[in-house]
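Participant: Turn this into a model:
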Amino acid sequence: MKTIKRRRREAKTDYRNRLVLLKSQKPRLVIRKTNRYIIAQIVVSEIAQDKIIVGLTSKVLLEKGWPRELSGSLKSLSAAYLTGFLVGKMAQKQNITSAILDIGMNRNIQKSRLFAALKGAIDSGLKIPHNPDCLPPMEMIKKEKISKIFDKIIGE
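Facilitator: Got it, this is the predicted structure:
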């Protein structure tokens, strides 16, 4: 009987998928969601260690003009898109132009928050292989309440 590795048993790491991502030797756009925030990072693997080049959470949007009364919506489609957009802009300042998507153990659901963050990173100029059918349309992402804030953050 084969022993299951601890991180797989805890549903934290899919080792087969991770090996495929590491063999590509490209930077990874790692997107994770928590109960309150969206986390996006550009990660490079060096000699069995992951090194975070660029990373931020959707909590940064509060500093960029996101209203405090809407702080409960920092995990929404709009917040995910803007988080991905900001990470993409920061990655380009570090001379990273392409990456591959790593959503980890999250389910692959079309037009979800994870793919909204991916769309934000792509719209910022990063080249990431993807299926365009998975991305949510801008009408879903851009809501009435936050359209001014949305334009202000993207304009910066």
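Participant: CA only for contacts and neighbour counts going forward, please
Facilitator: Will do.
Participant: Which helix in the chain has the most residues?
Facilitator: In the chain, with assignment by DSSP state H, the single longest helix is helix 77-93.
Participant: Helix or strand next in line after that helix, which one?
Facilitator: Past helix 77-93, heading to the C-terminal end, the next element that is a helix or strand (DSSP states H and E) is strand 100-102.
Participant: Pull out the buried residues from that following strand.
Facilitator: The neighbour-count criterion (16 or more other CA atoms under 10 Å) identifies 100-102 as the buried residues of strand 100-102.
Participant: to the chain's geometric centre, what's the distance from it?
Facilitator: Between the mean C-alpha location of strand 100-102 and the chain-wide mean there is a distance of 9 Å, by CA atoms, centre = their mean, to the nearest Å.
Participant: by contact count, what packs against the helix or strand following that strand?
Facilitator: Taking DSSP H and E as the definition, the helix or strand that follows strand 100-102 towards the C-terminus is helix 113-123. Using 3 or more CA pairs under 8 Å, 6 or more residues apart in numbering; DSSP states H and E, the elements in contact with helix 113-123 are strand 28-33, helix 77-93.
Participant: Dump the ones you listed to CSV, plus mean neighbour count and mean pLDDT.
Facilitator: Formatted as CSV, the helices and strands packed on helix 113-123 follow (neighbours: other CA atoms under 10 Å; pLDDT from 0 to 100):
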stretch, mean neighbour count, mean pLDDT
strand 28-33, 22, 94
helix 77-93, 25, 94
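Participant: need these in a markdown table with distance to R68, can you?
Facilitator: Listed next are the helices and strands packed on helix 113-123 as a markdown table, based on distance: least, CA to CA, whole Å:
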| stretch | distance to R68 |
| --- | --- |
| strand 28-33 | 20 |
| helix 77-93 | 13 |
